[in-house]
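**Q** sequence first, then the predicted structure:
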Amino acid sequence: MRFIFIFGRNPELSRFELDSFFESRSFEYNIVTAGTRGVVVDFRKNIDTDLLVRELGGTLKICSVIESKDSLNLPDSKFKWGISVYEPDISFSKVKEDFKQFFKKSGVKAMFYWPSRGGKGVQELTPTDIIKKKLFEIVVFKNFTGLTVSVFNPVLFEQRDLGRPNVDHSQVISIRLARIMLNFAGVKPGKNLIDPFCGAGTILQEALFIGANASGLDIDLKMTKDADENLRWFSEKYKTASSWDVRSGDARKLSSYFTSRNFDFIVTEPYLGPLLKKAPSFPEAQKIVSELNVLYSKVFKEFLKVVKPGGKIVIVLPEFVTESNKVLALNKDFIESDFEIIKALPYFEERHKLKRVIYVLKPKF
């Protein structure tokens, strides 16, 4: 069975998330073809695409490859349909005309809905378009044509985000990025995870949603109280069975709060320096980098004391772009001395005044 996976706004993150998820869940699959915006995957066994699109943070659509138009199960009544094209080998207009004639020949009433997004090589219906308009969507990716069978629902993420009792979006990681990072690590039900800079508990709640046991630490007592209240709300609302434990403390002394080598995963966005309203001067950036190097070198030593052999660490680290457009990065000695870098992926959003790199690591011991 072949499916097209269409990625979101950070395709490189989406692709690594997909590969990591399939590997951790022991999927039997083969990548048929890959592009910037997606991949075509051949599975040896049936998959639950609705469940899969909910478990992934970076995939927008999953589409069943159409081997023959005659095999399509068309709606009985009048319906709206549309087309999205990504890196296509055939033109949008040709696909539109082909399916228009097919629907006419099949005797069904189909009203075309124009894509709300367009650009070079892309004409795209958004997940919101598809859900709200109940669209029958045809997707063209390279030389493959598919029918959208499952789509990312932003409302589900918003409910887990905005419904929390305590949230300040200027200080918390996004639900989507938290889920992607957990999948980078390969977090699975029943495993133990810790976030040593847990803040309001976004990563912890998504770990609970997966079915993992979640522990958190934060130096700010108010944040740990917020996180505990958020996790209590989340556990009750989503009926999660996993345990959680949030404590107030300093990540530089992580092993003094938790049992040694008890965790399968460390997933965190740590303190990234002071909140920047504009690009820093070169001396300002140097000072921040110097302070963070000291902090992280101590924290990474603590990671070795609490993570299990073979465990994984997924962490966001900053790079600073100065007002003169020079980039200052951290000293990586505290990583490379004790950890193997599996992957380093840049992540940047315009609203942030610093660049971020997501590192996937494992201890060398």
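**A** Here it is on my side, so go on.

**Q** centroid-nearest residue for the protein?
**A** By C-alpha atoms, centre = their mean, the mean C-alpha position of the chain lies nearest to Ile180, the distance being 2.4 Å.

**Q** give me the pLDDT value at the residue nearest to that residue when sequence neighbours are not counted.
**A** Closest residue to Ile180 in three dimensions, ignoring its sequence neighbours and counting by C-beta to C-beta, 6 or more residues apart in numbering: Gly57, at 4.0 Å. From N, CA and C alone the C-beta is placed, and that goes for glycine too. If you check Gly57, the pLDDT there is 97.

**Q** so what's the nearest residue to Asp245 once chain neighbours are set aside up against?
**A** The shortest distance from Asp245 to any non-neighbouring residue, by C-beta to C-beta, 6+ apart, is to Ser215 (4.6 Å). If a contact means C-beta atoms under 8 Å, 6 or more residues apart in numbering, then Ser215 has 192-195, 204, 244-247, 258, 263 as its contacts.

**Q** among the residues you listed, the buried ones, what's the PyMOL command?
**A** Burial among the contacts of Ser215 is assessed by 16 or more other C-beta atoms under 10 Å; the matching PyMOL selection reads:
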select buried, resi 192+193+194+195+204+244+246+258+263
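
**Q** just the contacts of Ser215: which are in strands?
**A** Per DSSP state E, strands hold the following members of these: 192-195, 244-247, 263.

**Q** wait, a helix at Met200?
**A** No, residue 200 isn't Met; it's Ala. No - counting by DSSP: H, G, I helix; E, B strand; the rest coil, one finds Ala200 to be coil, located in no helix.

**Q** from Arg179, how far out is the residue nearest to it when sequence neighbours are not counted?
**A** Among residues not flanking Ala200 along the chain, Asp226 sits closest, at 4.8 Å (C-beta to C-beta, 6+ apart). Here Asp226 is placed at a distance of 20 Å from Arg179 (C-beta to C-beta, to the nearest Å).

**Q** got it, and Leu361?
**A** Distance of Leu361 to Arg179, given as C-beta to C-beta: 19 Å.

**Q** can you tell me how far Ala285 sits from Glu323?
**A** The spacing between Ala285 and Glu323, counted by C-beta to C-beta, is 9 Å.

**Q** which one of these two has more residues nearby?
**A** Neighbours were counted for Ala285 and for Glu323 using other C-beta atoms under 10 Å; Ala285 has more, 24 against 12.

**Q** which elements pack onto whichever strand or helix holds that one?
**A** Using DSSP states H and E, Ala285 maps to helix 282-306. Under the contact definition 3 or more C-beta pairs under 8 Å, 6 or more residues apart in numbering; DSSP states H and E, helix 282-306 sits against strand 263-268, strand 307-321, strand 327-329, helix 333-336.

**Q** what is the least confident helix or strand in the chain?
**A** Least confident helix or strand of the chain, by mean pLDDT, DSSP states H and E, is strand 117-119 with a mean of 59.

**Q** isn't Arg356 up against Val316?
**A** Yes - using C-beta atoms under 8 Å, Arg356 is in contact with Val316, at 5.1 Å.

**Q** and the residue nearest to Ile210 when sequence neighbours are not counted, what's its pLDDT?
**A** In space, and not counting its chain neighbours, Ile210 is closest to Val187: 5.5 Å by C-beta to C-beta, 6+ apart. Val187 is assigned a predicted lDDT (pLDDT) of 98.

**Q** show me this protein divided up by domain.
**A** Domains of the chain are assigned by automatic domain parsing as 2-152, 157-363.

**Q** ok, back up a step: save the ones in strands among the contacts of Ser215 as a markdown table, and put in pLDDT and distance to Asn143 too.
**A** Output for the ones in strands among the contacts of Ser215, formatted as a markdown table (pLDDT from 0 to 100; distance: C-beta to C-beta, whole Å):
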| residue | pLDDT | distance to Asn143 |
| --- | --- | --- |
| Asn192 | 98 | 45 |
| Leu193 | 98 | 41 |
| Ile194 | 98 | 45 |
| Asp195 | 98 | 43 |
| Trp244 | 97 | 47 |
| Asp245 | 97 | 51 |
| Val246 | 98 | 50 |
| Arg247 | 97 | 54 |
| Phe263 | 97 | 45 |
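
**Q** list just the nearest of those residues to Leu18.
**A** Nearest to Leu18 out of the ones in strands among the contacts of Ser215 is Leu193 (C-beta to C-beta; 20.4 Å).

**Q** contacting residues around that closest one?
**A** With C-beta under 8 Å, 6+ apart, Leu193 has these contacts: 182, 185, 187, 203-204, 207, 212-215, 263-267.

**Q** then Asp76?
**A** Contact analysis of Asp76 by C-beta under 8 Å, 6+ apart lists nothing.

**Q** roughly how far does it sit from Phe136?
**A** Remark: distance between Asp76 and Phe136 (C-beta to C-beta) = 12 Å.

**Q** Leu208 against Lys239, yeah?
**A** No - in this structure, Leu208 is not within contact of Lys239 by C-beta under 8 Å, at 10.5 Å.

**Q** tell me which of the two has more neighbours.
**A** Set Leu208 next to Lys239 and count neighbours by other C-beta under 10 Å: Leu208 wins out with 22 against 7.

**Q** helix or strand for that one, which one?
**A** Residue-wise, Leu208 maps onto helix 202-210 under DSSP H and E.
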